[in-house]
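*Asks:* Quick check, what structure comes out for this input:
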Amino acid sequence: MIWWTIPEEELLVVTEKWKGVCWVGSRSPLDGSELRALKSTGANALSQTPFGWQSDVNTPEIRWEVDAERQWWGESAKGIQTTHDSSQVLGIMNMLKPHLWVRGSWPGEIEMKNEDDWETWFDNYEQFILDYAKLAERLEIPMLCIGTELEKTSDRENDWRAIIAEVRKVYSGKLVYAANFTEYEKIKFWDDLDYIGIQAYFPLSKKHNPDLKELKAGWNKQLPAVEKMVRKFKKPVLFTEIGYCNTVDAAIEPWVWPNERKEIEFSESAQALCYEAFFESVWDKSWMAGVYFWKWYPNRHDREPDFTPQGKEAEKVMAKYFLAN
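*Replies:* Numbers count the residues shown, from 1 in each chain. Below you'll find the predicted structure:
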């Protein structure tokens, strides 16, 4: 299946856009209504995220089990299969997007202190992602993300090209890497992948409650660099994650976790305007292959603030554009 072409002006034209969310694996099995509720928004894609565990950013050991009893059901091989099969029936495409969970930090800080540890880390990571590549192939999941926000590792071009080559041996679907918005311009191995993947938490404003005009101006500052990468590598772009909290400061540092915003005033309208600005500024770009909004729970919860658009003004904005022709 070909999802894009290269016109004479050297910018890609995507013929099918993925309208996605980052699906949260549930503790217990689904009853079916959860995916139908997502489908009603016009979504046609979701990402599933199992985890590997790293105890320290400077330690090369990685722990993972593809199907462990102590996992949440939705992050286990059985849960991933059931979610995939059930969503596929509804016309929702799946991407398998394994993450590393790093104690006390985040994947962007993973960095080894010597060459021996780097070699060990890449050996471990290769086995980790190959296990999930084999699962994705067995379940016929059509897209695999080979890494997420591993910013201090991705300059090791040859190591990543070697991993991609090994994944291609066991997996026949589309491949993407989810680069942090501060990372994607530095990556040299996009030509080995099918998409340029961006964790698109770009800052769009410096103030609380910006209006739509200011948010769109924020996007206009970011898009030339994205289009430069499209021209260079001739690859379409996936926003493998994008999201905003329902707080007045949502556009300033969109990546900040909700538990760091507890003293910030809530604002559904600020979150919704950030969604509107994305759709008005980016969605119709010829190179835009799809978006995955962070994040979507099988069952809505009442913890606030949070990134999810569920039950908020942002969901209405998302559905308006996802359901449009």
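
*Asks:* in the chain, which ranges drop under the pLDDT threshold?
*Replies:* Within the chain, the segments meeting pLDDT under 70 span 1-12.

*Asks:* Scan it for its longest strand.
*Replies:* The single longest strand within the chain, with elements called by DSSP state E, is strand 288-296.

*Asks:* Centroid-wise, who is the farthest residue in the protein?
*Replies:* In the chain, counting by CA atoms, centre = their mean, Asp116 sits farthest out from the average C-alpha position, at 30.4 Å.

*Asks:* Could you check how many residues crowd around the nearest residue to Lys19 once chain neighbours are set aside?
*Replies:* For Lys19, ignoring the flanking residues on the chain, the nearest one in space by CB to CB, 6 or more residues apart in numbering is Phe322 at 4.4 Å. In this view, the C-beta of every residue, glycine as well, is placed from N, C-alpha and C. Other residues within reach of Phe322, judged by other CB atoms under 10 Å, total 20.

*Asks:* how distant is the helix or strand Phe322 falls within from the center of its chain?
*Replies:* Assigned by DSSP states H and E, Phe322 belongs to helix 313-323. Taking CA atoms, centre = their mean, to the nearest Å, one finds helix 313-323 lying 19 Å from the centre of the chain it belongs to.

*Asks:* Does it pack against any helices or strands, and if so which?
*Replies:* When contacts are defined as 3 or more CB pairs under 8 Å, 6 or more residues apart in numbering; DSSP states H and E, helix 313-323 packs onto helix 268-281.

*Asks:* For the helix it packs on, which helices and strands make contact with it?
*Replies:* Packing partners of helix 268-281 (3+ CB pairs under 8 Å, 6+ apart): helix 212-233, helix 313-323.

*Asks:* now do 10 Å
*Replies:* helix 212-233, strand 237-242, strand 288-296, helix 313-323 (3 or more CB pairs under 10 Å, 6 or more residues apart in numbering; DSSP states H and E).

*Asks:* for these, which one ends up most surrounded?
*Replies:* strand 237-242 (a mean of 27; mean count of other CB atoms under 10 Å).

*Asks:* what angle sits between the helix holding Phe322 and helix 268-281?
*Replies:* Calculated by axes from the mean of the first three to the mean of the last three CA atoms, to 10 degrees, helix 313-323 forms an angle of 20 degrees with helix 268-281.

*Asks:* before we move on, back to that, surely the residue farthest from the centre of the chain is in a strand?
*Replies:* No - if the criterion is DSSP: H, G, I helix; E, B strand; the rest coil, then Asp116 is helix and not within a strand.

*Asks:* quick one: it and Phe122 touch, right?
*Replies:* No - contact between Asp116 and Phe122 fails when scored by CB atoms under 10 Å: they sit 11.2 Å apart.

*Asks:* In contact with the residue farthest from the centre of the chain, which residues?
*Replies:* Asp116 makes contacts with Pro60, as judged by CB atoms under 10 Å, 6 or more residues apart in numbering.

*Asks:* could you measure it against Arg303, distance?
*Replies:* 43 Å (CB to CB, to the nearest Å).

*Asks:* ditto for Leu175
*Replies:* Taking CB to CB as the measure, Leu175 falls 34 Å from Arg303.

*Asks:* So between the two, which is more surrounded?
*Replies:* Neighbours around Leu175 and Arg303, counted as other CB under 10 Å, are more numerous at Leu175. The numbers are 18 against 10.
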